[in-house]
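Undergrad: Need a 3D model of the sequence below.
(chains A and B)
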Amino acid sequence: MTAETMQGYNYAYLDEQTKAMIRRAILKAVAIPGHQVPFGSREMPLPYGWGTGGIQITASIIGPLDVLKVIDQGSDDTTNAVSIRSFFARTAGVKTTTATEEATVIQTRHRIPEAPLTDGQIIVYQVPIPEPLRFMEPSESETRTMHALEEYGVMHVKLYEDIAEHGRIAKSYDYPVRVQSRYVMAPSPIPKFDNPKMHDSPALQLFGAGREKRIYAIPPHTRVESLDFEDHPFEIQKWDEACAICGARDSFLDEILTDDRGGRMFVCSDSDHCARRVREDC
Amino acid sequence: MYVAVKGGEKAIAEAHALLARERRGDPAVPELSLDQIREQLSLSVDRVMSEGSLYDEDCAALAVKQARGDLVEAAFLLRAYRTTLPRFGYSLPADTSRMHVRRRISATFKDVPGGQLLGPTFDYTHRLLDWSLAGQSESDLPRDAEQEFPDPAPMPRVLDVLGREGIIEAEDRGDDPEPADLTRQPLDLPAARDVRLQNLARADEGFLLAMGYSSQRGFGTTHPFVGEIRMGEVEIEFAPEELGFPVTIGEITLTECETVNQFVGSGDARFTRGYGLTFGQGERKAMSMALVDRALRAPELGEEKKGPAQDAEFVLYHSDNVEASGFVQHLKLPHYVDFQSELVLVRGLRRAMREEESGHDS
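TA: Alright, predicted model coming up:
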């Protein structure tokens, strides 16, 4: 424990028994990729729905030698990312970074960085609703049974109904995936643009849902397929515009309204990626 | 401009400084002390202790002050503190028949052994604003009533009297296994009654009130009678392993409500029970809890599920205001990426429609 950590609290806030309990849940989750493992989620000093699941995972795996990056909507400087980063700087005295390749642990809400993740990195997703079948079946007892029986017909029917009604699958984020041909899994509300990055990633991907008290995982180099149909293959979002700051044409773009007469610009949602491209251009 | 959309460390720090000034209000007005909150806003303190699951009046008073009187926020503060506290073990079950009763009423019998005692209640007050409280003087405080303190001897619970006749279902104490603890283990369904009662005891008062009320209005009828409500002080005993016998570690105020509900069976007909318990004075919540507890017993009593109050999954997953408040309010967090994804989708759908229409026209 370093001298800088918060007085009166254990290293990284959680007590060691709780961390061990969470690490056991993580190990189980890694052993059964895509399966939601219930865990004794603790009450955290940040509100439920604001990343308590991700924070508990990060707190359980982080050590003094780690370098932490926290992003929200792809950016390191959105308010909640700032708040979570300072929480760990305070309670774990850990070194933080905004550079994707410098980080050993990346906690994220709603994005996967544009820079490819590497061997040995861990990405921790904050998850609001871990159950991909929830909006088709509200009952938890029912959905657990459906996963156990690998009964995913209702999901395919939902996607098919989208095609019948809209001519395409009308799911733009939190787009369901199938992990290692077994569990259908919610990738958390990342845009479907990011789904392909989950497949065969060299990084360990951990998912924490604090309020719903579930942890799940994708071990490195695991097969992750976005659900689709042969005649309606999975596609990612494309923009006609390029990033107004760095000129990128291959990154996820945020739209910014510049006036009230329809003026708008598009910029990279991944602020680190954008800044790096600007630096390298000079 | 681009930077302005993204929040910064500085903005957060300034917002918190502003919050601290707003909390204090006009500095010309004397600051509230924790003693004042504990003594004069005691029902706020009690609610925060109940929903915060921690019996500590001073911490709860501090939470009320820090939260500017927002009781759900105060309960959240108390919960986040509670979760860091070490656990020594479980107390022995609190024996409310040995309560030093300050209020005790039964709606089922005109008189009951031990008598009825109105105690400090809003019941039968006329809800007229008392302008005398708006002034500074408190010279008109009523004198201490010549209160007849009830016999400190144990006061049997009304439902236990019925129980001896066998006309109400027996309270199954089983072999009193170690209770489940939702703050350590996630909710698992179907949930046993100890889990349900713990969930309800921590639940938001407003949620329970609405759920209990809905069961009275026909969304899952339970036909309740208030067998007994009692409020007062109960000694808490703890048996440290190294001592081997229980010692009293303190006294807490509890409100307990037991309802007598519609009977089951015919030849061996007997009434059923609902149970509610809160820290401090929490009569509205204790009664609501008893209604919902009984409603949730529908499956075990072979009743048809007709309302949300009887649906354990619905009630137990949505009762906690710290969870609910967090998730509802997380909608304030940026969702640029998800919204952008939806924009791309909806624009694509509209473009496809336009192209299809112009195709038809030509």
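Undergrad: isn't residue A:192 right next to residue A:176, touching?
TA: No. Between residue A:192 and residue A:176 there is no contact under CB atoms under 8 Å: 9.7 Å. Using the backbone N, CA and C atoms, a C-beta is placed for each residue, glycine as well.
Undergrad: shared neighbours of the two, anything?
TA: residue A:226 (CB atoms under 8 Å, 6 or more residues apart in numbering or on different chains).
Undergrad: need the strands for the stretch 51-200 of chain B, in chain order.
TA: Counting by DSSP state E, counting those that start in this stretch, the stretch 51-200 of chain B has strands at residues B:100-105.
Undergrad: Show me where it has its helices.
TA: B:57-66, B:71-82, B:158-165, B:193-202 (DSSP state H, counting those that start in this stretch).
Undergrad: For the stretch 201-350 of chain B, what lies in contact range of chain A?
TA: B:313, B:317, B:322-323, B:325-330, B:333-338, B:340-345, B:348-349 (CB under 8 Å from any CB of the partner chain).
Undergrad: swap the cut-off to 7 Å and go again
TA: Within the stretch 201-350 of chain B, the positions near chain A by CB under 7 Å from any CB of the partner chain are B:313, B:322-323, B:325-327, B:329-330, B:333-334, B:336-338, B:340-345, B:349.
Undergrad: Tell me how far the closest residue in space to residue B:311 that isn't next to it in sequence lies from chain A.
TA: Nearest non-adjacent residue to residue B:311, counting by CB to CB, 6 or more residues apart in numbering or on different chains: residue B:305, 6.2 Å away. Distance of residue B:305 to chain A, computed by CB to the nearest CB, to the nearest Å: 12 Å.
Undergrad: thought residue B:305 was touching residue B:296?
TA: No. Residue B:305 is beyond contact range of residue B:296, at 10.0 Å (criterion: CB atoms under 7 Å).
Undergrad: Who has more neighbours out of these two?
TA: When residue B:305 and residue B:296 are compared for neighbours, residue B:296 comes out ahead with 27 against 14, by other CB atoms under 10 Å in any protein chain shown.
Undergrad: Quick check: phi and psi at residue 253.
TA: If you meant another chain, say so; for now it's chain A. Main-chain torsions, residue A:253, degrees, to the nearest 10: phi -110, psi 140.
Undergrad: right idea, wrong chain: chain B
TA: Dihedral angles (degrees, to the nearest 10) for residue B:253: phi -90, psi 130.
Undergrad: wait, does the lengthiest helix in chain A contact chain B?
TA: Longest helix in chain A, counting residues (DSSP state H): helix A:16-31. No. Helix A:16-31 does not reach chain B (CB under 7 Å from any CB); its nearest approach is 8.6 Å.
Undergrad: What strands flank the next helix or strand after that helix, and is each parallel or antiparallel?
TA: Moving toward the C-terminus from helix A:16-31, the next helix or strand (DSSP states H and E) is strand A:37-38. Using DSSP bridges, strand A:37-38 pairs in its sheet with strand A:214-218 (antiparallel).
Undergrad: Now do the partner strand against helix A:16-31, angle only.
TA: 50 degrees (axes from the mean of the first three to the mean of the last three CA atoms, to 10 degrees).
Undergrad: Just the CA coordinates for strand A:214-218, please, in CSV.
TA: Coordinates of each C-alpha in strand A:214-218 appear next as CSV, following Å, rounded to 0.1, in the frame of the first residue of the first chain:
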residue,chain,number,x,y,z
ARG,A,214,-23.4,-10.1,-12.4
ILE,A,215,-19.9,-10.6,-13.8
TYR,A,216,-19.0,-12.2,-17.2
ALA,A,217,-15.9,-12.5,-19.3
ILE,A,218,-14.3,-13.1,-22.7
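Undergrad: In terms of helices and strands, where is the residue nearest to residue B:311?
TA: Going by DSSP H and E, residue B:305 is not part of any helix or strand.
Undergrad: And the pLDDT for the closest residue to chain A within the stretch 151-300 of chain B?
TA: Nearest to chain A in the stretch 151-300 of chain B, going by CB to the nearest CB, is residue B:186, at a distance of 3.7 Å. You'll see residue B:186 listed with a pLDDT of 94.
Undergrad: burial of residue B:331, as a residue count?
TA: 8.
Undergrad: I meant to write residue A:57 there.
TA: Residue A:57: 31 neighbours (other CB under 10 Å).
Undergrad: Please name the nearest non-neighbouring residue to it.
TA: Using CB to CB, 6+ apart and skipping the chain neighbours, the partner closest in space to residue A:57 is residue A:208 (4.1 Å).
Undergrad: And what about that neighbour, helix, strand or coil?
TA: Three-state call for residue A:208 (DSSP: H, G, I helix; E, B strand; the rest coil): strand.
Undergrad: so what's it up against?
TA: A:53-54, A:56-57, A:124, A:126-127, A:215 (CB atoms under 7 Å, 6 or more residues apart in numbering or on different chains).
Undergrad: and what of residue A:33?
TA: Counted by CB under 7 Å, 6+ apart, residue A:33 has contacts A:179-180, A:183, A:217-219, A:222.
Undergrad: Tell me how many other residues crowd residue 48.
TA: Using chain A here. 26.
Undergrad: if you could check chain B rather than the one you did, that'd help
TA: Look at residue B:48: counted by other CB under 10 Å, it has 32 neighbours.
Undergrad: Could you show which parts of the stretch 151-282 of chain A are in contact with chain B?
TA: With the criterion set to CB under 7 Å from any CB, the stretch 151-282 of chain A comes near chain B through A:166-167, A:170, A:172-173, A:189, A:191, A:211, A:213, A:237, A:252, A:254-256, A:267, A:269.
Undergrad: same thing but at 6 Å, please
TA: Contacts of the stretch 151-282 of chain A with chain B, taken as CB under 6 Å from any CB of the partner chain, map to A:166, A:172-173, A:189, A:191, A:211, A:213, A:237, A:254-255, A:269.
Undergrad: Now the buried members of the residues you listed.
TA: For these, a burial check counting by 16 or more other CB atoms under 10 Å in any protein chain shown picks out A:172-173, A:189, A:191, A:211, A:213, A:237, A:254-255, A:269.
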